[in-house]
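**Q** One predicted model, sequence on top.
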Amino acid sequence: MEIGIAADHGGYELKESIKNFLVSQGHHITDFGAYVLDSKDDYPDFVIPLAHAVVNKEVERGIAVCGSGVGASVAANKVAGVRAALINDHFSAHQGVEDDDLNLLCLGGRVTGNMAAQELVTAFLNAKFTGEERHLRRLGKVRALEG
């Protein structure tokens, strides 16, 4: 799978760990930065290009990491067509894709450990959108808000 990944300084270490894990699983990674640990960088500079890549289908799914995951989620969801969520549990990692067609997973580099992140990322990537009528109806209502 083609996966995009991005992080600021708060998520840099976890991003690097996730990237190595995904490569070891046979995925191809497009890294949108940060490429070095810089305490003065800003998550939108990395998350917004990732979000556009998800919408433009340059990557199949995205993973964004900042300190808490909240800022990454807020920024990503400003891009029409992105359905990003801060995920902290296994159920939501797959259910978000199955029911809500989640296409960008957000994690907190200061709150999510490496092993937990691997579990959440695996559940997110292995999940498939069900396409059930009720889910399509709900997503239609969400898309209508994007104008």
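**A** Ah, there it is.
**Q** make it CA atoms for all contacts and neighbour counts henceforth
**A** Will do.
**Q** Now do the helix or strand of the chain with the lowest mean pLDDT: distance to the chain's middle.
**A** When the helices and strands of the chain are scored by mean pLDDT, DSSP states H and E, helix 133-145 comes last with a mean of 96. The chain centre lies 20 Å from the centre of helix 133-145; the measure is CA atoms, centre = their mean, to the nearest Å.
**Q** Any buried residues in it, and which?
**A** Residues of helix 133-145 classed as buried: 135-136, 139 (neighbour count, 16 or more other CA atoms under 10 Å).
**Q** where do the helices sit along the chain?
**A** 12-24, 44-55, 70-76, 90-100, 114-126, 133-145 (DSSP state H).
**Q** Make TSV from those and add distance to residue 37 to it.
**A** TSV is the format used below for the helices of the chain (distance: least, CA to CA, whole Å):
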stretch	distance to residue 37
helix 12-24	6
helix 44-55	13
helix 70-76	17
helix 90-100	27
helix 114-126	17
helix 133-145	36
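**Q** so which of those helices gets nearest residue 6?
**A** When the helices of the chain are compared for distance to residue 6 using CA to CA, the nearest one is helix 44-55, at 5.6 Å.
**Q** what's that closest one packed up against?
**A** If contacts are counted by 3 or more CA pairs under 8 Å, 6 or more residues apart in numbering; DSSP states H and E, helix 44-55 sits against strand 2-7, strand 61-66, helix 70-76.
**Q** In contact with residue 63, which residues?
**A** Residue 63 sits next to 3-6, 104-107 when contact means CA atoms under 8 Å, 6 or more residues apart in numbering.
**Q** what's the burial count for residue 23?
**A** 12 (other CA atoms under 10 Å).
**Q** from memory it sits against residue 29, does it?
**A** Yes - using CA atoms under 8 Å, residue 23 makes contact with residue 29 at a distance of 7.0 Å.
**Q** show me where pLDDT drops low in this structure?
**A** Along the chain, no part satisfies pLDDT under 70.
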